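**Q** Build me a structure from this.
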Amino acid sequence: MSDILSAGRVLYAALADGDADALGRLLSPAFQGRLTEGLPHGLGRQYDGLEMMMNAWAAADRRFEMLRPEPDELFDGGCVLIARGHYVGKANATGRPLRAAFAHFWPFDGRQFTAVRQITDSGAWRDALEP
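**A** Down below sits the predicted model:
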C-alpha cells in the first residue's frame with residue numbers, strides 16, 4: 001500500500017474518532033480547507049490554518065450525534081489523496097439521520113496533508129438539520 005493511502009486510512013480513523021492529536025500530526029499547521037458552499041450554518045467556505053479548520057469541524061460535530069465521514073474508496077492520485085464516501089450521523093436538533101455523499105481531495109506533501117477540498121450534498125445536510 002502506498003504512503004498516501006496508509007496516511008489516508010489513519011486520517012479517516014482520526015476524523016471518525018475526533019482525535020485532535022492525530023489530526024495535528026497528519027495535517028500541516030498551514031492547512032487550508034474549502035468546504036462546499038451552501039452548507040448550513042455558514043460552514044461552506046474557506047478555512048485558512050489548522051486551528052480554523054478544526055474549529056469548523058467542531059462546529060459541525062456539535063450539531064450531530066456520531067457525525068463521521070465514512071470513505072467507501074481511497075485513491076492514490078500521486079500527490080493527492082482522493083476519497084469518495086458518505087457522511088453519516090444524526091442531527092441533534094431534529095433527530096433526523098444524515099447520509100450525504102462526499103468527495104474529498106487531500107494534497108499530500110509526503111509527510112502531511114496540506115489542504116482539503118470537500119464536495120458534498122449540502123441539501124442532505126440542510127434536510128437533516130432544518131425543521
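
**Q** all strands for the protein, in order.
**A** For the chain, strands defined by DSSP state E occupy the ranges 27-34, 46-48, 64-76, 80-91, 97-107, 113-120.

**Q** Next, the angle from the longest one to strand 97-107.
**A** Strand 64-76 and strand 97-107 are oriented at 40 degrees to each other (axes from the mean of the first three to the mean of the last three Cα atoms, to 10 degrees).

**Q** before we move on, the earlier item: make JSON lines out of the strands of the chain and add mean neighbour count and mean pLDDT.
**A** Using the backbone N, CA and C atoms, a C-beta is placed for each residue, glycine as well. Formatted as JSON lines, the strands of the chain follow (neighbours: other Cβ atoms under 10 Å; pLDDT from 0 to 100):
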{"stretch": "strand 27-34", "mean neighbour count": "17", "mean pLDDT": "98"}
{"stretch": "strand 46-48", "mean neighbour count": "15", "mean pLDDT": "98"}
{"stretch": "strand 64-76", "mean neighbour count": "16", "mean pLDDT": "96"}
{"stretch": "strand 80-91", "mean neighbour count": "18", "mean pLDDT": "98"}
{"stretch": "strand 97-107", "mean neighbour count": "18", "mean pLDDT": "98"}
{"stretch": "strand 113-120", "mean neighbour count": "19", "mean pLDDT": "98"}
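
**Q** and the gap between the residue nearest the centre of the chain and Ala30?
**A** With distances taken as Cα atoms, centre = their mean, the residue of the chain nearest its centroid is Pro69 (6.3 Å). Distance of Pro69 to Ala30, computed by Cβ to Cβ, to the nearest Å: 22 Å.
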